[in-house]
Structure formats: C-alpha cells, structure tokens
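Asker: heads up, no residue letters with this:
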C-alpha cells in the first residue's frame with residue numbers, strides 16, 4: 001500500500017496507473033459510496049472513505065488528468081481559463097453590468113478549482129464559521145471547532161504558531177516564497193493608510209477587523225500541490241478506490257425517497273452505477289444544483305418549466321448563489337518587474353465602512369495587468385500590477401436554473417451582481433481604497449502612474465465599476481446548509497428529505513466565506529467524511 005510521503009515518485013505513479021487500469025478493466029456496477037467530483041471537497045471525501053480498506057469507493061470526475069504544465073506550474077494558472085480544464089460557463093447578461101455576460105470559469109480537471117486557481121490558502125474569517133454554526137444549529141461548524149480541524153489538516157511550513165497552525169497533515173501550506181518587491185510594497189502601503197500587517201493571513205488576522213499579509217499558498221518543490229494531489233493521489237494505488245475521469249454525472253437515481261446511484265455519460269454513452277451506502281455530490285455551486293434539479297429535486301415550477309418530473313420538492317435548490325465580485329485597478333511600473341510564484345503574493349482584507357466589525361472587502365495583488373474586456377480600452381500598460389479587489393460579503397443573490405431537461409445541457413446562471421444597491425456603494429469604496437493604496441509612498445519607487453481607473457467621480461465611477469466587475473471564481477451557496485424552507489442540507493450535509501444523499505462542496509455555505517474558498521471547501525469535505533463514517537460505523 002502507498003505511503004503518502006512517497007507518492008511523488010515515478011515508481012508510485014506507475015503503480016497508480018497499473019492499479020487504475022485494473023480497476024477500469026474490471027469496473028463494477030455497484031460501490032459502497034459514489035463521490036461525484038474530484039475537486040477541493042470531493043478529493044477529501046474520497047480519500048477519507050478509502051482509508052477504510054473494507055469500503056469500495058467510486059470517484060467520478062468530468063475532467064481529465066491534472067499532470068499537465070498548465071496545472072502543475074503555479075504561474076501558468078491564467079492559461080487554464082477558457083481552456084479544456086475549464087467548464088467555460090457564462091452568466092446571463094446583466095443590466096446592472098451594462099448588459100455584460102460575465103464568464104464564470106470553474107475547474108474541470110482532477111483537483112477542480114484547486115488545480116486551476118491561484119493556489120491561495122485562505123481559511124475564512126472567524127465570523128464566517130460562527131455564522132455557519134448559527135445557521136446550522138451545530139456548534140461544530142463554529143470557528144474554534146474548525147480551527148482544530150485546520151490544525152489537523154495542515155503541514156505548515158512557516159514560522160511556528162501552534163495555536164493556529166498544524167504540522168504533519170496532508171495539506172502542504174507555506175507563505176509565498178521570496179515575494180517580489182510589489183508584494184512587499186503592498187504591506188508597507190497598508191501600514192501607511194492604517195491597515196495592520198500580519199505574519200500570516202491565517203490566524204490572528206482572520207480573528208480581527210482585517211489586515212494585510214503575504215499569502216499562504218499550496219506549492220511543494222515549486223509545483224502546485226492541489227487538494228487532489230494532497231488527498232486522493234496518495235491513495236490511488238489502493239484496490240478499493242476507483243477513479244473515472246472524462247465522466248459527467250447527469251443525475252442522481254432515486255427509489256422513493258432514497259438515492260440509490262447515479263446516471264453518467266462516459267464515452268458518449270449513458271451508464272448507471274449503484275451505491276449501497278451513499279451518493280455524495282461534490283460538483284460545485286453550479287453543477288451540484290443542476291444535477292439535483294435534473295434528478296427531480298428542486299423547485300416545482302422550475303422543474304416543470306424544464307420538463308423535468310418533480311420527485312422531491314426542495315425550493316432552495318439553485319437559490320442563494322453568491323460570488324466574490326472583483327474590480328481591477330492597474331498601475332504602470334517604472335521598470336519591468338517579472339511576476340514571481342503564481343503572480344499573486346500579497347493579500348489584504350479591510351472594511352468599506354469603519355462602523356462594521358469585520359472585513360467586507362477582499363484584495364489580492366496580481367503582479368501583471370488584469371483588466372476586464374470592457375476596461376482594457378482605457379489603456380493597459382505593457383508592464384504593471386493590479387489590485388484585484390472586491391466584495392467579500394456581497395448582499396446580492398443569484399440563481400442557478402435549468403436550460404432544459406437534457407442530460408448534458410449547461411445551466412442558466414443568473415448571477416445578479418449589483419442586484420442589491422449596497423453592493424455598488426461598497427464597490428466604489430473598494431476602488432477608492434485601491435487607489436489610496438497605490439498612491440502611497442511605498443509604491444513610489446516602483447510605480448510610474450495609475451493607469452486604470454484614474455480620478456473618476458459620480459456616474460463615471462459607477463460606469464467604471466459596472467464595466468470592471470469580474471468574478472473571483474468563488475461561486476458558492478446555491479444549496480445552502482440551514483434550517484429554513486430555502487435550506488437544502490442539514491448540519492450533517494444530508495439533503496433534506498432524501499436518504500443516502502449528501503452534498504460536500506461550496507454550494508452548502510450559507511454565505512460566501514471571507515477570502516478564497518478552497519480552504520473552506522476542504523473543511524466541508526473533511527466534515528462530510530466524518531459524518532458519513534459515523535453514520536455507517538466506518
């Protein structure tokens with residue numbers, strides 16, 4: 001059997017290839033557990049269940065292999081956007097964005113978002129987890145309990161902090177190594193405008209009103225160390241874990257009020273796999289509600305409009321969709337400075353209003369220009385850096401809807417950005433804070449000028465914000481955990497009213513976490529696996 005510490009060798013890769021070839025040659029039709037999606041949550045669930053050698057686990061992934069330069073090279077992440085490792089979703093045209101239809105990239109590859117993102121490990125704010133506990137009625141979702149899980153999961157490579165950080169876990173976390181001059185200048189700039197700085201963004205900074213720090217990242221020996229590589233890969237040489245790639249889950253199969261398996265499309269054909277224990281949906285906040293609705297689980301009127309037979313009424317499926325919306329502000333360098341690492345090495349969380357107690361703005365520095373298509377015409381410098389800043393707690397809520405009942409049709413994504421006018425006001429405050437940071441003395445040695453947006457006011461600034469708005473790729477909350485009528489799962493992540501069916505991905509968040517969402521999705525996967533093992537005595 002594998003030792004996770006030695007799973008990066010060619011010998012281990014050969015063993016995985018031989019084992020999985022054997023699994024596919026003798027593909028079973030029934031498994032104990034079927035995990036749908038090998039992303040930041042599903043990779044954790046599959047690994048934890050497969051740790052018990054008596055349990056047969058089938059892990060299904062719509063995308064393909066992650067062993068490719070665009071994934072393994074941390075700096076190559078932009079090349080994944082719009083490519084074969086991206087689902088390539090696009091939200092509906094939005095009048096609040098001057099009629100724009102926002103691209104919505106999501107990982108379609110082993111590792112999901114953790115294989116195509118910037119690699120930032122951001123745990124979420126204390127207030128996020130305490131809100132999850134309040135909404136679910138379960139204290140184990142609260143910050144102090146979750147902090148213990150993070151310590152167990154991490155293999156922290158930075159300065160010791162035993163209260164906040166753990167060592168020996170599967171997740172190889174480190175501060176961004178040897179950060180560039182623009183990242184270091186950002187910390188000095190933060191201090192100039194009254195924002196405190198911290199040694200790490202995960203710890204005291206996320207227990208306070210915010211601050212700035214060098215980002216924590218998932219890299220190992222210069223390569224991306226995705227959640228799939230951290231959790232699932234070391235167990236793929238085991239005979240009880242079968243991985244199917246290039247296989248899209250179309251719907252969950254129900255007998256009465258129990259999930260008994262899934263229907264998938266593989267090699268152009270429809271196949272069925274049964275589960276004697278549970279089906280776990282870890283397909284992300286766009287595809288998880290889509291598959292639920294295709295399965296007859298959702299709002300009655302919505303299913304009827306798509307010509308899908310209602311099997312179980314759950315009106316919250318697809319509702320409450322949230323995302324961090326971002327606005328790029330760009331400065332021109334005096335002299336070219338090559339990006340380092342992933343090109344995003346410093347982060348800042350702060351408040352749009354001094355009266356609030358926790359950060360509602362999220363800033364990630366990007367060491368190259370990142371305009372939206374609509375703002376690129378304002379003049380993008382050849383060499384520059386971007387403050388990729390946005391709303392950590394948007395009030396607007398969107399919705400996932402079916403295009404039709406076809407097994408592989410893409411859903412309609414009604415993102416509804418700026419549906420709540422408070423978000424527009426916060427966005428303008430966010431852009432102004434970006435401009436204040438860029439105008440500090442800290443950046444003077446590096447920066448020639450502010451290229452975008454420049455001094456704008458009133459209607460001009462509103463138009464800029466509407467044109468600049470892009471996704472942070474943090475789609476969440478569309479099958480939320482809670483206790484009201486619009487909740488989809490309970491505190492144990494069981495789908496209400498359907499036995500044998502759980503959801504473990506970012507769609508269960510009651511509200512989007514403060515910061516990048518990969519790390520909270522790992523916690524969701526870890527908690528789901530513990531609930532499943534407890535239920536089945538594993």
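Answerer: Looks like it arrived, so ask away. Every value quoted in this text rests on a predicted model; they were computed, and no experiment measured them.
Asker: where does the stretch 51-200 of the chain have low pLDDT?
Answerer: Within the stretch 51-200 of the chain, no stretch has pLDDT under 70.
Asker: ok, now the chain?
Answerer: 1-6.
Asker: hang on, residue 508 packs against residue 488?
Answerer: Yes - at 7.5 Å, residue 508 counts as touching residue 488 under the criterion of C-beta atoms under 8 Å. Every residue, glycine included, has its C-beta placed from N, CA and C.
Asker: need the residues touching each of those two.
Answerer: Shared contacts of residue 508 and residue 488 (C-beta atoms under 8 Å, 6 or more residues apart in numbering): 479-481.
Asker: most neighbours among those residues, which one?
Answerer: Highest neighbour count within the shared contacts of residue 508 and residue 488, by other C-beta atoms under 10 Å: residue 479, with 32 neighbours.
Asker: next, the contact list for that one, please.
Answerer: The contact partners of residue 479, by C-beta under 8 Å, 6+ apart, come to 285, 288-289, 292, 316-318, 488-489, 503, 507-508.
Asker: export the residues you listed to JSON lines and tack on neighbour count and secondary structure?
Answerer: Putting those into JSON lines (neighbours: other C-beta atoms under 10 Å; DSSP: H, G, I helix; E, B strand; the rest coil) gives the following:
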{"residue": "285", "neighbour count": "32", "secondary structure": "helix"}
{"residue": "288", "neighbour count": "28", "secondary structure": "helix"}
{"residue": "289", "neighbour count": "32", "secondary structure": "helix"}
{"residue": "292", "neighbour count": "28", "secondary structure": "helix"}
{"residue": "316", "neighbour count": "20", "secondary structure": "coil"}
{"residue": "317", "neighbour count": "29", "secondary structure": "coil"}
{"residue": "318", "neighbour count": "30", "secondary structure": "coil"}
{"residue": "488", "neighbour count": "29", "secondary structure": "coil"}
{"residue": "489", "neighbour count": "25", "secondary structure": "strand"}
{"residue": "503", "neighbour count": "29", "secondary structure": "strand"}
{"residue": "507", "neighbour count": "33", "secondary structure": "helix"}
{"residue": "508", "neighbour count": "31", "secondary structure": "helix"}
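Asker: tabulate the residues you listed (TSV), appending distance to residue 181.
Answerer: Formatted as TSV, those follow (distance: C-beta to C-beta, whole Å):
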residue	distance to residue 181
285	36
288	42
289	44
292	48
316	47
317	48
318	45
488	46
489	46
503	43
507	39
508	40
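Asker: for residue 106, see how far away residue 15 is.
Answerer: Noted for residue 15: a distance of 31 Å to residue 106, by C-beta to C-beta, to the nearest Å.
Asker: check contacts around the nearest residue to residue 266 once chain neighbours are set aside.
Answerer: What sits nearest to residue 266 in space, not counting adjacent residues and going by C-beta to C-beta, 6 or more residues apart in numbering, is residue 247, at 4.3 Å. By C-beta under 8 Å, 6+ apart, residue 247 lies in contact with 60-62, 264-266.
Asker: gap between residue 247 and residue 279?
Answerer: Counting by C-beta to C-beta - residue 247 and residue 279 are separated by 14 Å.
Asker: over to residue 254?
Answerer: Using C-beta to C-beta, one obtains 10 Å as the distance from residue 254 to residue 279.
Asker: hmm, residue 418 and residue 96 touching each other?
Answerer: Yes - counting by C-beta under 8 Å, residue 96 touches residue 418, with 3.8 Å between them.
Asker: neighbour-wise, which of these two wins?
Answerer: Taking other C-beta under 10 Å, residue 96 and residue 418 do not tie; residue 418 has more neighbours (24 against 18).
Asker: that one touches residue 466, doesn't it?
Answerer: Yes - assessed by C-beta under 8 Å, residue 418 is found in contact with residue 466 at 7.0 Å.
Asker: residue 254 and residue 279: which is more packed in?
Answerer: Higher neighbour count among residue 254 and residue 279: residue 279, with 29 against 20, using other C-beta under 10 Å.
Asker: which residues are in contact with that one?
Answerer: Contacts of residue 279 (C-beta under 8 Å, 6+ apart): 33-34, 36, 252, 259, 261-262, 500-502.
Asker: recalculate using a threshold of 10 Å.
Answerer: Contact partners of residue 279, counting by C-beta atoms under 10 Å, 6 or more residues apart in numbering, are 31, 33-36, 58, 249, 252-254, 258-262, 273, 295, 495, 498, 500-503.
Asker: same check, this time on residue 435
Answerer: If a contact means C-beta under 10 Å, 6+ apart, then residue 435 has 329, 331, 387, 450, 453-456 as its contacts.
Asker: tell me the secondary structure at it.
Answerer: At residue 435 the chain is in helix, as set by DSSP: H, G, I helix; E, B strand; the rest coil.
Asker: now it: how far from residue 333?
Answerer: Residue 435 is 17 Å from residue 333, by C-beta to C-beta.
Asker: coming back round to it: tell me the buried residues within the contacts of residue 279.
Answerer: The neighbour count (16 or more other C-beta atoms under 10 Å) marks 31, 33-36, 58, 249, 252-254, 259-262, 273, 295, 495, 498, 500-503 as buried among those.
Asker: find the nearest non-adjacent residue to the residue of the chain most remote from its centre, please.
Answerer: Largest separation from the mean C-alpha position in the chain: residue 445, at 35.2 Å (C-alpha atoms, centre = their mean). Nearest in space to residue 445, with sequence neighbours left out and distances taken as C-beta to C-beta, 6+ apart, is residue 334 at 7.4 Å.
Asker: for that neighbour, give me phi and psi.
Answerer: When read as degrees, to the nearest 10, the backbone of residue 334 gives phi -70, psi -40.
Asker: residues touching it, list them.
Answerer: Neighbouring residues of residue 334 by C-beta under 10 Å, 6+ apart: 383, 443-449.
Asker: need the max-distance pair from those residues.
Answerer: Farthest-apart pair in the contacts of residue 334 is 383 and 444; separation 16.4 Å (C-beta to C-beta).
Asker: the two: who's more crowded?
Answerer: residue 383 (14 against 11).
Asker: quick one: that one and residue 335 touch, right?
Answerer: Yes - using C-beta atoms under 10 Å, residue 383 is in contact with residue 335, at 7.7 Å.
Asker: joint contacts of those two?
Answerer: Counting by C-beta under 10 Å, 6+ apart, the common neighbours of residue 383 and residue 335 are residue 448.
Asker: what residues of stretch 130-149 count as buried?
Answerer: Of all the residues in stretch 130-149, those buried under the rule 16+ other C-beta under 10 Å are 130-133, 135-136, 138, 140-143, 146-147, 149.
Asker: same thing with stretch 223-236?
Answerer: Quick answer for stretch 223-236 (16+ other C-beta under 10 Å): 224-236.
Asker: and the two most separated of those?
Answerer: 224 and 235 (18.9 Å).
Asker: how about the helices in the protein?
Answerer: Along the chain, counting by DSSP state H, helices occupy 10-25, 42-50, 69-72, 113-116, 126-136, 143-153, 181-192, 227, 284-294, 300-305, 421-438, 458-468, 518-536.
Asker: dump those helices into CSV; add distance to residue 92 as well.
Answerer: Listed next are these as CSV, based on distance: least, C-beta to C-beta, whole Å:
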stretch, distance to residue 92
helix 10-25, 39
helix 42-50, 27
helix 69-72, 28
helix 113-116, 22
helix 126-136, 28
helix 143-153, 34
helix 181-192, 35
helix 227, 30
helix 284-294, 13
helix 300-305, 15
helix 421-438, 17
helix 458-468, 15
helix 518-536, 25
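Asker: nearest to residue 402 among these would be which one?
Answerer: Short answer: helix 284-294, nearest of these by C-beta to C-beta, at 5.2 Å.
Asker: compute the inter-axis angle for the longest strand seen in the chain and helix 518-536.
Answerer: Identified as the longest strand of the chain according to DSSP state E is strand 269-281. Interaxial angle, strand 269-281 versus helix 518-536 (axes from the mean of the first three to the mean of the last three C-alpha atoms, to 10 degrees): 90 degrees.
Asker: pairing partners for strand 269-281, with directions?
Answerer: Here strand 269-281 has these sheet partners by DSSP bridges: strand 30-36 (parallel), strand 258-266 (antiparallel), strand 501-503 (parallel).
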